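Q: sequence and computational prediction follow.
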Amino acid sequence: MRVIAKSVTEAELDNFYGDTITWVVPEWDLEVTPGGEVVTLNGTVEQVVAQLRELNPNYDSDFDLDLPSAGDAELLASLVSEDVASDGLEKRTDFSGRNYIRRGRWGNASARAIYSGIRYLRDIGGKPRLPAGPSVCSRVSCSYNAGIQWCNDARQAKELASFGSIADGAQYIDDQCHIGSPGVSGYASGQVFHETD
């Protein structure tokens, strides 16, 4: 598994990788109400949450979600503090000691926007799936010109336990590649590889 956090625009995304990457739109199987109907939705996590809110205007309260936008600096700062305080209380995908590339060819993304995507990915349900690789990728989060992508470089299809595994990779990139003040200020970009490839 490969996770990338970087600055992105639509034009860059279309031309950045050329023909070397097969892009797959992420698919999410999620409940609309607790214990209710499961629907399959497509798009980034932000697009899927918007669709779920259309299907169920009480979605956030029904699932006890507190999803920030990248523009909500105060909420993001409190969530960063909360995550630091609760570190280790929930099982996370361990990226420690994994190979990573700091910045490289990617533009710096707002750490605030990346962290917003991380929170969405941690809080939303579903299991990410990608067809067999190598270089099959999906952009799972995109807001404020910052994107989180994951790729399958294995020669067999891959399903993860949750989108939280991708969030863990993006968090590792921010931890290793952050420029500027700690927390949601500053910028980050990079790529990390997990042993499961």
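A: On my side now, so go ahead.

Q: can we go C-alpha only for contacts and neighbour counts from here?
A: OK.

Q: got the phi and psi for Asp175?
A: phi -60, psi -40 (degrees, to the nearest 10).

Q: what is the burial count for it?
A: 13 (other Cα atoms under 10 Å).

Q: likewise for Ala161?
A: Neighbours of Ala161 using other Cα under 10 Å come to 12.

Q: shouldn't it be in contact with Arg129?
A: No. With contact defined as Cα atoms under 8 Å, Ala161 does not reach Arg129; the gap is 9.5 Å.

Q: and the helices in this protein?
A: With helices called from DSSP state H, the chain shows them at 10-16, 45-55, 59-62, 73-85, 111-123, 164-177.

Q: who are the packing partners of the fifth one?
A: I take that to be helix 111-123. Judged by 3 or more Cα pairs under 8 Å, 6 or more residues apart in numbering; DSSP states H and E, helix 111-123 is in contact with helix 45-55, helix 73-85, strand 136-143, strand 146-152, helix 164-177, strand 187-188.

Q: out of those, which is closest to Leu121?
A: Using Cα to Cα as the measure, helix 164-177 is the one of the helices and strands packed on helix 111-123 that comes nearest Leu121, at 5.6 Å.

Q: now do that closest one and strand 136-143, the angle between them.
A: Calculated by axes from the mean of the first three to the mean of the last three Cα atoms, to 10 degrees, helix 164-177 forms an angle of 70 degrees with strand 136-143.

Q: wait, isn't Asp29 in contact with Ile124?
A: No. At 10.5 Å, Asp29 does not count as touching Ile124 under the criterion of Cα under 8 Å.

Q: which one of those two has more residues nearby?
A: For Asp29 versus Ile124, the count of surrounding residues by other Cα under 10 Å is larger for Ile124: 19 against 14.

Q: from Asn58, how far out is the more buried one?
A: Distance, Ile124 to Asn58, using Cα to Cα, to the nearest Å: 15 Å.

Q: do the same with Gln149
A: In terms of Cα to Cα, Gln149 sits 28 Å off from Asn58.

Q: listing request: residues of this protein with sub-threshold pLDDT.
A: Within the chain, the set of residues satisfying pLDDT under 70 comprises 1-19, 68-105, 182-184, 195-197.

Q: export the helices and strands packed on helix 111-123 to a markdown table and tack on distance to Thr22?
A: Compiled in a markdown table, those are given as follows (distance: least, Cα to Cα, whole Å):
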| stretch | distance to Thr22 |
| --- | --- |
| helix 45-55 | 19 |
| helix 73-85 | 33 |
| strand 136-143 | 5 |
| strand 146-152 | 9 |
| helix 164-177 | 18 |
| strand 187-188 | 25 |
